[in-house]
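Novice: model this:
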Amino acid sequence: MITIVYNNTKTKPELSADWGFACVIETSGPTILFDTGASGTILLHNLRALDVAPADIDLVVISHAHADHIGGLPALLRENSRVTVFVPASLPKGARDFIAETGAAVEVVTAAGEVLPGVTSTGELPGLLPEQALVLETPGGMVVVTGCAHPGILTVVEAARALVGWDLGLVVGGFHMGGISGEQTEAVVTRLQELGVKRICPAHCTGSVATLRFQEMFGDKFISAGVGTVIRIS
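Specialist: Numbers count the residues shown, from 1 in each chain. Here you go, the predicted model:
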């Protein structure tokens, strides 16, 4: 199950919306927090409002070094430093040292590799801002979780498919399509359909125009993203 705990929009009044992204991924084993949003105060508020105890998080995966994805990490580590944090190699050394000083374990990710059985990092994908995404192997197909997709959402999805080779059950997260043309948007949406993506949940930095086009093209397979959105993946 994936629960969005940080996003620009929300599903209930008692939750807090803010620019950034984070989601909780519940596996059959450890619980993963993917990204941490911008504000620790907002992250912790939303976690508790959604009945996710910070102490129950086992692993944290940081997609890239932008503040709206890593800003909530210090607050989380004050609540729970018994986690292992998977960070991209491009994260500044000072940030990596800070994480280690809290007592958390730090795993620096460069190449693709397994985080857990059935959960794989794409490794740092090249681009103006290197970024890692997660690939989950589920009974409903492969799930791709992306923070901002700075290398390009098609690059992320195609890298994930090359790694795992499963049917594409779901793509969720920020797609970074806010500033692209209508023609480019159409090409991305069409290509994701050609790749066989069954369900789509564009969040955060995807942009309203692109999000609307995904909704039109995917119909009832489109999932509206907001803090509190729960996606069942089993």
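
Novice: Without its sequence neighbours, what residue ends up closest to Cys148?
Specialist: Gly174 (4.4 Å; Cβ to Cβ, 6 or more residues apart in numbering). Bear in mind the C-beta positions are built from the backbone N, C-alpha and C, glycine included.

Novice: who does whatever helix or strand Glu107 lives in pair up with?
Specialist: Using DSSP states H and E, the element containing Glu107 is strand 105-109. Sheet pairing for strand 105-109, assigned by DSSP bridges, gives strand 84-88 (parallel).

Novice: show me what contacts Glu137?
Specialist: Gly118, Val119, Thr120, Val164, Trp166 (Cβ atoms under 8 Å, 6 or more residues apart in numbering).

Novice: same thing but 7 Å
Specialist: Gly118, Val164, Trp166 (Cβ atoms under 7 Å, 6 or more residues apart in numbering).

Novice: what about it, is that helix, strand or coil?
Specialist: strand (DSSP: H, G, I helix; E, B strand; the rest coil).

Novice: Could you measure from it over to Asp167?
Specialist: Using Cβ to Cβ, to the nearest Å, Glu137 is found at 11 Å from Asp167.

Novice: what's the burial count for Arg199?
Specialist: When neighbours are defined as other Cβ atoms under 10 Å, Arg199 has 19 of them.

Novice: Oops, could you answer that again for Glu194 instead?
Specialist: Glu194: 8 neighbours (other Cβ under 10 Å).

Novice: now Pro130
Specialist: With other Cβ under 10 Å as criterion, Pro130 counts 19.

Novice: before we move on, back to that, among the contacts of Glu137, which ones are buried?
Specialist: Among the contacts of Glu137, those scoring as buried are Val164, Trp166 (criterion: 16 or more other Cβ atoms under 10 Å).

Novice: I'd like the contacts of Glu137 written out as TSV, with distance to Gly152 and secondary structure added.
Specialist: Formatted as TSV, those follow (distance: Cβ to Cβ, whole Å; DSSP: H, G, I helix; E, B strand; the rest coil):
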residue	distance to Gly152	secondary structure
Gly118	25	coil
Val164	19	helix
Trp166	21	coil
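
Novice: Outside of the strand holding Glu107 itself, list whatever touches it.
Specialist: 84-89, 96, 99-100, 121, 123-124, 132.

Novice: buried subset of those?
Specialist: Here, 16+ other Cβ under 10 Å leaves Thr84, Val85, Phe86, Val87, Pro88, Ile99, Ser121, Gly123, Glu124, Gln132 buried among the contacts of strand 105-109.

Novice: List the buried residues of stretch 40-55.
Specialist: For stretch 40-55, using 16+ other Cβ under 10 Å, the buried residues are Gly40, Ile42, Leu43, Leu44, His45, Asn46, Leu47, Ala49, Leu50, Val52, Pro54.

Novice: Also stretch 16-29?
Specialist: Ser16, Ala17, Asp18, Gly20, Phe21, Ala22, Cys23, Val24, Ile25, Glu26, Thr27.

Novice: between those residues, which is closest to Phe34?
Specialist: The shortest approach to Phe34 among the buried residues of stretch 16-29 belongs to Cys23, at 5.2 Å (Cβ to Cβ).

Novice: Identify the bridge partners of the closest one.
Specialist: The partner residues for Cys23, given DSSP bridges, come to Ile4, Phe34.

Novice: thought it was touching Met1?
Specialist: No. Cys23 lies out of contact with Met1 (Cβ atoms under 7 Å); the separation is 10.1 Å.

Novice: quick one on the thing from earlier: what two of the contacts of strand 105-109 are the furthest from one another?
Specialist: Ala100 and Gly123 (21.0 Å).

Novice: Kindly provide the distance from the residue of the chain most remote from its centre to Val189.
Specialist: The centre of the chain is farthest from one residue, Glu183, which by Cα atoms, centre = their mean lies 25.7 Å away. According to Cβ to Cβ, Glu183 stands 11 Å off from Val189.
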